[in-house]
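Participant: Take a look and give me a structure for this.
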Amino acid sequence: MLSTLLVIGGVLVGLLVLLAVIVSLSARPATTSRGTQSGPRTPAWVADAGRPHPDAWSAPTVSTSEMPAVR
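Facilitator: Model prediction:
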């Protein structure tokens, strides 16, 4: 009986530790303030496609050099 409770308690503690590790590793890094910056700062990993992001509520434009999807 006691060993069963110890096993269940150990499993629960292990799951809580695992959850804490996952949450800490998936958190966003802290932003650093380096004085005043002009305009929004774009992260280095963002790809520059050369055109603005499409607006969901505006009419679609067909001014792209990409190949259309084959259906």
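Participant: Now do the same for Ile22: helix, strand or coil?
Facilitator: At Ile22 the chain is in helix, as set by DSSP: H, G, I helix; E, B strand; the rest coil.
Participant: Quick check, pLDDT for it.
Facilitator: Note for Ile22: predicted pLDDT of 91.
Participant: cool, the one 10 residues further on as well?
Facilitator: Reading off the per-residue confidence, Thr32 sits at a pLDDT of 63.
Participant: Which positions in stretch 10-23 come out as buried?
Facilitator: For stretch 10-23, burial by neighbour count (16 or more other C-beta atoms under 10 Å) applies to no residue. Where you see a C-beta, it was placed from the backbone N, CA and C, and this is true even at glycine.
Participant: which regions of the protein sit below the pLDDT cut-off?
Facilitator: 29-54, 60-65 (pLDDT under 70).
Participant: Where do the helices of this structure begin and end?
Facilitator: 2-26 (DSSP state H).
Participant: How many residues are close by Val7?
Facilitator: 10 (other C-beta atoms under 10 Å).
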